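> Show me how the following folds:
(one chain, ligands or ions: 1)
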Amino acid sequence: MTDIATRADHLEKLLGDPWDPANPAGFAAAVAADEREETAPAAEAALDEFGLHAEFVPRALGGRLERLDDMIELMRSVYRRDAALGLARAGQLLASVNVWTAGRPEQRWAAAELLTDNRRMACAFHELAHGNDIAGNEFAAQRAGSRLTLHGRKESIANLDRADALVLLARTDPADGPRAHSQLFLGADLLDPDRVRRLARFRSVGLRGVHLGGMRVSGLPVPEEVVLGAPGTGVETASRAFQVTRMALPAMSTALLDTALRVTLHHTRRRRLYGRPAAELPMVRTTLAEAFADLLLCEALSRTAARALQLCPESGSVHAPAVKYLVAGVLTDAVQRLSTVMGAEFYRRDGRHAVFQKIARDIRPVGFGHIARAACLSALLPQLPGLLGRARRAPAPAPEALFTAVAELPELDLPGLRLVAGGRDVLAASLGTALDEDLPRSVRPLVEERVRDFVRLCEVGAALRPRELSIAAEVPVRELAARYTVSLAAAACLGVRRAAAAQDFLARPQWLTAVLSRLEGPAGGPSRDLPREVEDALIEELTDRDDRGLSFGLVGRPYA
Ligand SMILES: Cc1cc2nc3c(=O)[nH]c(=O)nc-3n(C[C@H](O)[C@H](O)[C@H](O)COP(=O)(O)OP(=O)(O)OC[C@H]3O[C@@H](n4cnc5c(N)ncnc54)[C@H](O)[C@@H]3O)c2cc1C
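Numbering: from 1, shown residues only. Predicted structure coming up:
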């Protein structure tokens, strides 16, 4: 099991045909397990047989993680069957990336050994009282001689009941400030039941199979060696590690739209209305074509951002919130629109298409879990004047390796991730050179519009004052950050089309016309109607991939 295509094929085979009602790891089993607020045991067993957690462990530590874009694509095989199964497994990343980022060698090896052995880790950062404001967290680790004593509550933590180790954010300085917290990495065997009361499982509307746990800790002593990284750097480490997870988790979630689209296509191609398949009704065709374009758009931005994290990691603090904000919004909106086409069939908890209602619930946390979309705009705002000023002063084409799958990528340098980009974002800077490219005639007016919008954004952005960019920023100012994410998506799609092999669907102008038209919407204002010939090309490609059992995303790879 070496290259990613072989690994992905192997995983697809282990998990089997999701449409087969007798497959214990298929859609029917996932829906039945969801009703029990669990994941399908056969699917869990298949992932263990595959040794999935090794995909999250860097190769230097004995795992299989070399490229984030590959790891994300592989995880889409899991998410497309069951998002709860996906998150319960990808949740290992939430914890382990912090260990790779800040851990001592023995801590890294301990985490790597645990994961390659199929065991689990939990990331206990969240406290219900503080939500997205993790700098306000109260869970305390007080120094007592050569030990730390832990007090406080952690809630809504995935896998807490099944974890063999935890990464935990704890206040080590009662005074507020950027250095008030530290991260701890400790074995679950240290959670002495006399000092740790497990809270009842938290129940949720979607992702019901994810075990959300909590604990109340009262005076638990732990050795000082559990501290991860330098004391006081807990929030800083999290901010760097989040650049991987806040980008990777929404990127994996594009597989939910793949399945929602596949189910909708399946239903509307077979359902006859007014003497023809429902899929041929103009409204239905348009919704299907738009959802396909939205999927390609989300994957183009997230794939580019994933590669950028290895090629030019300095911009991770910009790309991660941009992906989370834009991709989460587009995905949830697209699934909602598909549900209108599914009609009553969407509402059913039984039957062949019951997985749709599960997806419609499971996709919602992409918008608020781990960080709220609105908080992503808050994170981007203070960087905006620097980013826009530099993009205006120094437009330059982006490196080709951002867009081509065959390009070698440098090793993922997690300790090298920066807290701020210092105005450097090669993707944004490339938009200023987009009109120099040899663009298809049909696409050029749309690109001109995007470039004009970016120029206007640069002018407004340069005039912003720091006091306008705080957490209390007014809505119109926050919209500027949203428009920046749209500019990044446009630049990513342009790059993906330019780099595509000549015979590939992605080299054709129609999908680019479609995504640029769709991008009118996310920053405000309605998206543009797709020209008839564009819609035809998208529907033809979509139907062909459906018939051939290929994924609907950028890769178009074989699905079981
Ligand atoms: C399925 C699932 C699994 C989870 N797993 C884990 C886990 O393993 N470990 C863990 O630690 N946590 C986990 N969580 C918790 C998750 O991280 C929290 O949902 C998250 O911290 C957000 O908190 P909140 O929704 O309470 O939002 P709040 O912080 O209460 O925010 C409410 C709203 O206020 C606004 N807002 C908040 N902050 C800002 C801002 N900075 N700028 C502008 N507007 C803002 C937004 O509109 C936001 O939606 C999980 C949650 C779910 C649903």
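> and the helix or strand hosting Val284, what does it pack onto?
When secondary structure is defined using DSSP states H and E, the element that contains Val284 is helix 282-311. In terms of contact count using 3 or more CB pairs under 8 Å, 6 or more residues apart in numbering; DSSP states H and E, helix 282-311 is assigned the packing partners helix 68-79, helix 234-252, helix 254-270, helix 316-342, helix 426-431, helix 475-499, helix 509-518, helix 532-548. No exception for glycine: its C-beta is placed from N, CA and C like everyone else's.
> ok, the closest residue to the ligand within the stretch 201-350 of the chain - contacts?
For the stretch 201-350 of the chain, the residue positioned closest to the ligand under CB to the nearest ligand atom is Leu207, at a distance of 4.4 Å. The neighbourhood of Leu207, defined by CB atoms under 8 Å, 6 or more residues apart in numbering, consists of Ala83, Ala84, Leu87, Arg361, Asp362, Pro365.
> tell me which of those is nearest to the ligand?
Of all the contacts of Leu207, the ligand sits closest to Pro365, with 4.4 Å by CB to the nearest ligand atom.
> hang on, the closest one packs against Gly206?
Yes: taking CB atoms under 8 Å as the contact criterion, Pro365 and Gly206 are neighbours in contact, 6.1 Å apart.
> rewinding a little: may I see the helices and strands packed on helix 282-311 organised as CSV, with mean neighbour count added?
Rendered in CSV, the data for the helices and strands packed on helix 282-311 read as follows (neighbours: other CB atoms under 10 Å):
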stretch, mean neighbour count
helix 68-79, 25
helix 234-252, 25
helix 254-270, 23
helix 316-342, 24
helix 426-431, 24
helix 475-499, 23
helix 509-518, 24
helix 532-548, 16
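> any chance of these in a markdown table, with distance to the ligand and mean pLDDT too?
A markdown table is the format used below for the helices and strands packed on helix 282-311 (distance: least, CB to the nearest ligand atom, whole Å; pLDDT from 0 to 100):
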| stretch | distance to the ligand | mean pLDDT |
| --- | --- | --- |
| helix 68-79 | 13 | 97 |
| helix 234-252 | 10 | 96 |
| helix 254-270 | 13 | 98 |
| helix 316-342 | 10 | 97 |
| helix 426-431 | 22 | 96 |
| helix 475-499 | 8 | 96 |
| helix 509-518 | 24 | 96 |
| helix 532-548 | 30 | 97 |
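> circling back: just give the closest residue to the residue of the stretch 201-350 of the chain closest to the ligand, not the sequence neighbours.
Leaving out its chain neighbours, the residue that sits closest to Leu207 by CB to CB, 6 or more residues apart in numbering is Ala84, at 4.7 Å.
> Which secondary structure state is assigned to the closest residue to the ligand within the stretch 451-560 of the chain?
Using CB to the nearest ligand atom, Ile471 is the residue of the stretch 451-560 of the chain that sits closest to the ligand, at 5.5 Å. Local secondary structure at Ile471 is given as coil here, using DSSP: H, G, I helix; E, B strand; the rest coil.
> Tell me how many other residues crowd the closest residue in space to it that isn't next to it in sequence.
Counting by CB to CB, 6+ apart, the nearest residue to Ile471 once its immediate chain neighbours are dropped is Ser378, at 5.5 Å. Using other CB atoms under 10 Å, the number of residues around Ser378 comes to 19.
> Which strands and helices lie in contact with whichever strand or helix holds Ser378?
Here Ser378 is covered by helix 373-380, with elements defined by DSSP H and E. Under the contact criterion of 3+ CB pairs under 8 Å, 6+ apart, helix 373-380 touches helix 316-342, helix 475-499.
> Which of those helices sits closest to Glu408?
Smallest distance to Glu408 across the helices and strands packed on helix 373-380 (CB to CB): 14.4 Å, for helix 475-499.
> Local confidence estimate at Ala463?
Residue-level confidence at Ala463 comes out at 85, pLDDT.
> how many other residues sit next to it?
Neighbour count of Ala463, defined by other CB under 10 Å: 9.
> Do I have it right that Ile4 meets Arg76?
No: the pair formed by Ile4 and Arg76 falls short of the contact definition of CB under 8 Å, at 11.5 Å.
> Who are the contact partners of the residue lying closest to Ser77 once chain neighbours are set aside?
In space, Ser77 comes closest to Leu11 once its chain neighbours are excluded; the distance is 4.9 Å by CB to CB, 6+ apart. When the contact criterion is CB under 8 Å, 6+ apart, the partners of Leu11 are Ala46, Phe50, Leu52, Leu74, Ser77, Val78.
> Could I get the phi/psi values of the residue of the stretch 201-350 of the chain closest to the ligand?
Per-residue torsions, Leu207: phi 50, psi 40 (degrees, to the nearest 10).
> what about it, distance to Ala255?
Separation of Leu207 from Ala255 (CB to CB, to the nearest Å) stands at 14 Å.
> what does Leu326 give?
Using CB to CB, one gets 17 Å for the distance from Leu326 to Ala255.
> so what's the residue minimising distance to the centre of the chain closest to, chain neighbours aside?
Most central residue of the chain, judged by C-alpha distance to the mean C-alpha position with CA atoms, centre = their mean, is Pro250 at 1.9 Å. Once flanking residues are discounted, Pro250 sits nearest to Val327: 4.3 Å by CB to CB, 6+ apart.
> which residues touch the one you found?
Contact criterion CB under 8 Å, 6+ apart gives Pro250, Ala251, Ser253, Thr254, Cys298, Leu301, Ser302, Val366 as the residues in contact with Val327.
> where does this protein dip in pLDDT?
Within the chain, the segments meeting pLDDT under 70 span 1, 522-526.
> For it, what lies in contact range of the ligand?
Proximity of the chain to the ligand, by CB under 6 Å from any ligand atom, involves residues 91, 94, 123-126, 131-132, 156-158, 204, 207, 210, 212, 365, 368-370, 372, 374-375, 378, 471.
> circling back: surely the residue nearest to Ile471 and Ala482 touch.
No: counting by CB under 8 Å, Ser378 sits too far from Ala482 to count as a contact (11.6 Å).
> Can you report how many residues neighbour the residue in the stretch 51-200 of the chain that the ligand sits nearest to?
The stretch 51-200 of the chain approaches the ligand most closely through Gly131 (2.1 Å), counting by CB to the nearest ligand atom. Each residue near Gly131 was counted by other CB under 10 Å, and the total is 14.
> Roughly how far does it sit from Gly63?
The spacing between Gly131 and Gly63, counted by CB to CB, is 32 Å.
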